[in-house]
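> My questions are about this predicted structure, shown below with the sequence.
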Amino acid sequence: MTSIKFMKSPRRHQCKYICPRLPIGLFGKATVLAAAIGLSGCSEQGERTATAESWQRIDNQGRVVDDQDGLHRCVFDQRTDLLWEVKQTEDGAHRFDATYSWYNEDPTQHMSEPGLLNGGDCDLERCDTSALVVAVNQTGLCGQRDWRIPQREELLTLGDYQLIESGIVLDPEFFPHALPAEYWTASTFRLYPQSAWVVSAANGLDRGERKSEARPARLVRGDIFNPRKPPDASVATE
């Protein structure tokens, strides 16, 4: 399948994603990383702008759509080159209120604790994150078949600190039906591998949660994004 080329913003206008980190306590409330480390976007002069200004709506055929009629099924982020799943109200793999337990058979990901099979509530034969990935890739959402659970740092990039007072930090015009809930990431909690990181769409907080718990999940596709290493190696770090 030919790769779809989405519009990307010039690198000279993008954030450098090199930001200080604050300590996070074991299972305590984390710092508001989505706001504190500045992943909500910034201008060349360092001024923050709305996160959604770097987003494009994508329909199920992989085409960029400009209207707001709800026909888009994915969102492409020009800052990170990541394509995100948009949840839907109908039954199936994209149902917005479906939940999944965390499960991954890859030992480099689960760190001795693969998690729990079929521990959520969904419309699939098995309700865990691994089964969700398989189901979405079978459908070829937005013309792509390499969807995955996002890394912790990737999911944090969706939060917009300017929306914190609304009770949900995801722009509803791009991500309708987002729940003010904690969404799974693919990142195991290293100090306690029975848990994995979750990120709250309500307030941008991240924390460790037991892999056996049922939580929603939003998939992503694209090269793994590391905010400490800009996608373009020609971007100088400070």
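Happy to help now that I have it.
> What is the subsequent helix or strand relative to the helix or strand of the chain with the lowest mean pLDDT?
Least confident helix or strand of the chain, by mean pLDDT, DSSP states H and E, is helix 33-36 with a mean of 35. Next helix or strand after helix 33-36 toward the C-terminus (DSSP states H and E): strand 55-58.
> That next one: partners in the sheet, and parallel or antiparallel?
Paired strands of strand 55-58, with direction, are strand 64-65 (antiparallel), strand 74-77 (antiparallel) (DSSP bridges).
> so can I have CSV of those showing mean pLDDT?
Converted to CSV, these look like this (pLDDT from 0 to 100):
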stretch, mean pLDDT
strand 64-65, 94
strand 74-77, 98
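> what are the ranges of the helices in this protein?
Assigned by DSSP state H, the chain shows helices spanning 33-36, 107-110, 129-139, 152-156.
> ok so, going back, tell me which of the strands paired with strand 55-58 is the most buried.
Counting by mean count of other CB atoms under 10 Å, strand 74-77 has the highest mean neighbour count of those, with a mean of 24. All C-beta spots, glycine's among them, are computed from the backbone N, C-alpha and C.
> got the strands paired with strand 55-58 as JSON lines, with distance to residue 191 columns?
Shown next, in JSON lines, are the strands paired with strand 55-58 (distance: least, CB to CB, whole Å):
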{"stretch": "strand 64-65", "distance to residue 191": "42"}
{"stretch": "strand 74-77", "distance to residue 191": "30"}
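> just so I know, which of these lies nearest residue 95?
Nearest to residue 95, of all the strands paired with strand 55-58, is strand 74-77, at 15.9 Å by CB to CB.
> what does the closest one rub up against?
For strand 74-77, contacts defined as CB atoms under 8 Å, 6 or more residues apart in numbering pick out 6, 54-60, 64, 82-86, 141-142, 157-158, 174-175.
> And the residue nearest the centre of the chain?
Centroid check for the chain by CA atoms, centre = their mean gives residue 155 as the closest residue, at 3.2 Å.
> Pull up the gap between the closest residue in space to residue 158 that isn't next to it in sequence and residue 213, please.
Leaving aside its chain neighbours, residue 158 sits nearest to residue 170 (5.7 Å; criterion: CB to CB, 6 or more residues apart in numbering). Residue 170 is 21 Å from residue 213, where distance means CB to CB, to the nearest Å.
> Show me which of these two is the more surrounded one.
residue 170 (26 against 19; other CB atoms under 10 Å).
> what sits against the more buried one?
By CB under 8 Å, 6+ apart, the residues touching residue 170 are 158, 159, 160, 163, 178, 201.
> burial of the fourth one, as a residue count?
In this case it means residue 163. Applying other CB under 10 Å, we find 21 other residues in the vicinity of residue 163.
> just checking, it touches residue 175?
No - Residue 163 is not in contact with residue 175 according to CB atoms under 8 Å; the separation is 10.9 Å.
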